[in-house]
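Whatever this is, show me its structure:
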Amino acid sequence: MEKSVGVGDILKETRAIVSASGRDIAIFSAILGGVTAIGVILGMAETASMSVGTGFSVDANDGLGNGLFDLLVSVVSVVASYLLAKQLLTTQGLVHIEGNRFWLYLGLMILTVIGLVVGFLLLIVPGVILMVRWSASTGFLLGEGKGITESLTASWHATKGSGMSIFLAGLLLMIGIIIVVGVLAALFFVLGSTVGGLITAFLEAASNGVLLAFGVAIYKLVTDDIARVGEVFS
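The predicted model follows:
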């Protein structure tokens, strides 16, 4: 039986998760944003613009120090994202296994990125479809103990019938984030590029935290829906 969740349901659940885990998201933002902010202060991360997701850039003239700093930011980002995702799921009572699954999480992220890159190269639409249909995969990996490909497959099946709602909810969420971060960053850039860069670092980190909550919300809703369907036929 095909199930479906609505746009409003997804956004409402995301807000509820962010509200319930505000402290965890704040810590995540402080750590990830703090590391990037250090790069701004030391001149290893250049402020490029006030747009979301492009606050820092690396070019061919960057030296070894800049490259190592970028690697450090990437490592911190993955580790912090893993810890936050696991904590968000735990807070919602969605973790039913024990043990460290970081390396599987890393593998899931790598495989997902490869799939999305290939998908976006194929006229963008396939990439969008994969992004939507794999959006609950982290929950299956960390919450239910499934393997990497099993999690992607489970997410694909679980989100069937809800793809358009997930896409629209994600689009609205991203537009909201871009507006809020863009306005706040613009205000602080008036005080100087360094100040603007520092604030943008923390704002973008917080945005990433909200997007992780968005993924957890999708997982929670589609698995709740599956459970309800199972009860009907039990």
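
among the helices and strands of this structure, which has the poorest mean pLDDT?
Lowest by mean pLDDT, DSSP states H and E among the helices and strands of the chain is strand 56-57, with a mean of 41.

Rounded mean pLDDT for the longest helix seen in the chain, please.
When the chain is parsed with DSSP state H, its longest helix is helix 193-232. The pLDDT scores in helix 193-232 average 82.

Pull out the buried positions in that helix.
196-223, 225 (16 or more other C-beta atoms under 10 Å). From N, CA and C alone the C-beta is placed, and that goes for glycine too.

which residues touch Leu89?
Leu89 makes contact with 95, 139, 142-143, 216, 219, according to C-beta atoms under 8 Å, 6 or more residues apart in numbering.

Now name the helix or strand holding Ile166.
In this assignment (DSSP states H and E), Ile166 forms part of helix 163-189.

Report the buried residues of that helix.
Residues 163, 165-167, 169-170, 173-174, 177, 181-182, 184-185, 188-189 are the ones in helix 163-189 that count as buried (16+ other C-beta under 10 Å).

about what we covered before: just the contacts of Leu89 now: which is nearest Phe69?
Taking C-beta to C-beta as the measure, Phe69 sits nearest to Leu142 out of the contacts of Leu89, at 28.4 Å.

right, and the closest one touches Asn100 too?
No - counting by C-beta atoms under 8 Å, Leu142 sits too far from Asn100 to count as a contact (10.4 Å).

For this structure, give me the ranges with low pLDDT.
Where the chain drops to pLDDT under 70, the residues are 1-3, 44-65, 225-234.

if you set the cut-off to 50 instead, what comes out?
Across the chain, the ranges flagged by pLDDT under 50 are 1, 47-61, 227-234.

which one of the buried residues of helix 163-189 sits closest to Thr91?
Leu173 (19.5 Å).

circling back: if you count what's nearby, which of Leu142 and Asn100 comes out ahead?
Taking other C-beta atoms under 10 Å, Leu142 and Asn100 do not tie; Leu142 has more neighbours (28 against 9).

Okay, buried residues for the helix or strand harbouring the more buried one please.
Using DSSP H and E, Leu142 maps to helix 137-144. In terms of neighbour count (16+ other C-beta under 10 Å), helix 137-144 has its buried residues at 137-144.

now stretch 91-104
With burial defined by 16+ other C-beta under 10 Å, the residues of stretch 91-104 counted as buried are 92, 94-95, 101, 104.

what about it, start to end distance?
Length of stretch 91-104, first residue to last, C-alpha to C-alpha, to the nearest Å: 21 Å.
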